Each structure stands twice: as structure tokens, then as C-alpha cells.
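**Q** Okay, sequence plus prediction incoming.
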Amino acid sequence: AVAGFDLGVTGIGAGKHLTLQVSAIPTNSLFVLARVLVESGLFGPEPVERLVSDAIGNLSSLEPASGERLPGITGAGQYGLVQVAAAQGLITGVARNAAGQPAAGLPVRMDGQPWLTLSGSGGTFRLVSPAGDAQVTVTDPGTGDTGQTVVNISAPDTPVNANLAAIASGPSCPQPVMRP
């Protein structure tokens, strides 16, 4: 991480977010601002905003003013500013539990990326990944079942949808042998 901080704040209005200002960061670079997610034995950076620095190190958001976007800083927590090598595309979707129902609190990850999020109400989630194929994985912590899907991010400024469900895997059983 290029910068990290612990933020204690309350009273941010619905639909509002704070703006990050950091000094002495790499110029002409891409970043993801992530909240440190620690919950139910899970640990990882949850993306909250995509950013870019200019020639003198000023940060500006790459999030669109409307439509699908990361939420930005909307509450207290530990945050890290992570420099990334390539622009990150937004992946949105609905995560479903092993019963096929949209569910909150399901861990969703991008294989090969550090990002982690927990699905929100209605199973909704948002993650980021660079252009190309990306595998999204959901886990149902109640059953341990997992599900994956592969999405293609053709352009970082075009959101991609990835609906997925944990699949009941159950124990493996040997096949019965028929004897004459």
C-alpha cells in the first residue's frame, strides 16, 4: 500500500462520501482505495474507489458521476491506498447461497487478485479487476459450498455483470460396483 490510515467518522449522509487527499504519492499512476475487511475469520482489502494521480501527484476519482460505481469512503474503518499496474474494471452482480437464494454476507473474491467483499442486501456485490478474463468466486460460509464464474472485462470503464451461486458439493461417494 502507498498510504494507509484509520478513519473514525460518523454522520456521513446517505449517498455522500468523503474525498481522499494524500501527499507524496507516485505521479501519473493508478490506485484502488480499499477498506480493510475483517469479519468472521475473513481478511482482505475491499475496494471502495478507483483513483488516478496526475503529473504532480493530485488524486482524482475514476468513478463515474452516475450509474454503476464503487461507493467511496462512506464510513469508519482502516483504509489502504493500493497502487495497481493497470486500470481496474468494475464487476457487479448478485451472489446466491447454496439454496439459490440471494443472500447478504457471502464472501466474494476475484481469483488472482487481493480483493474481497461481502455481498450486501439482496446478494449484491462490487469488485474490481484489470482487463481480461477474471474468475469470480462466492462461498456460502454456512455450508462451505462455492461457486465460480468467469467474466471478461473488455474495457475498464464498462461495468461487467457476474451473477453466481454457491453450488452444493456434498461429500463424494464411490460409485457402486455391480457384481454378476
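**A** Great, that's in hand. Numbering: from 1, shown residues only.
**Q** Output the longest strand belonging to this structure.
**A** With secondary structure taken from DSSP state E, the chain has its longest strand at strand 42-53.
**Q** Take that one, keep the C-alpha atoms, and write them as PDB.
**A** Listed next in PDB are the C-alpha coordinates belonging to strand 42-53 (Å, rounded to 0.1, in the frame of the first residue of the first chain):
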ATOM      1  CA  LEU A  42     -12.000 -13.400   6.700                       C
ATOM      2  CA  PHE A  43      -9.400 -10.700   6.000                       C
ATOM      3  CA  GLY A  44      -8.800  -8.700   2.800                       C
ATOM      4  CA  PRO A  45      -9.000  -5.400   1.100                       C
ATOM      5  CA  GLU A  46     -12.400  -4.300  -0.100                       C
ATOM      6  CA  PRO A  47     -12.300  -1.900  -3.000                       C
ATOM      7  CA  VAL A  48     -14.200   1.400  -2.300                       C
ATOM      8  CA  GLU A  49     -12.800   3.700  -5.000                       C
ATOM      9  CA  ARG A  50     -10.700   3.700  -8.200                       C
ATOM     10  CA  LEU A  51      -8.300   6.700  -8.400                       C
ATOM     11  CA  VAL A  52      -5.600   8.200 -10.600                       C
ATOM     12  CA  SER A  53      -2.800  10.700  -9.800                       C
END
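**Q** helices and strands around it, which ones?
**A** The contact analysis (3 or more CB pairs under 8 Å, 6 or more residues apart in numbering; DSSP states H and E) places strand 42-53 against strand 30-39, strand 59-61, strand 77-84, strand 88-96, strand 116-118, strand 124-130. To be clear about C-beta, it is placed using only N, CA and C from the backbone, and glycine gets the same treatment.
**Q** Show me how far it is from its chain's centre.
**A** The chain centre lies 8 Å from the centre of strand 42-53; the measure is CA atoms, centre = their mean, to the nearest Å.
**Q** Over to stretch 51-68?
**A** 18 Å.
**Q** Go through it and flag the buried ones.
**A** Buried residues in stretch 51-68, counted by 16 or more other CB atoms under 10 Å: 51, 53, 59, 61, 62, 63.
**Q** spatially speaking, which residue is in the middle of the protein?
**A** With distances taken as CA atoms, centre = their mean, residue 127 lies nearest the centre of the chain, 2.7 Å away.
**Q** list the contacts for that one?
**A** For residue 127, the contact set (CB atoms under 8 Å, 6 or more residues apart in numbering) comprises 47, 90, 91, 108, 109, 110, 113, 115, 117, 136.
**Q** With residue 158 instead?
**A** By CB under 8 Å, 6+ apart, the residues touching residue 158 are residue 89.
**Q** again, 6 Å this time
**A** Listed by CB atoms under 6 Å, 6 or more residues apart in numbering, the contact set of residue 158 is empty.
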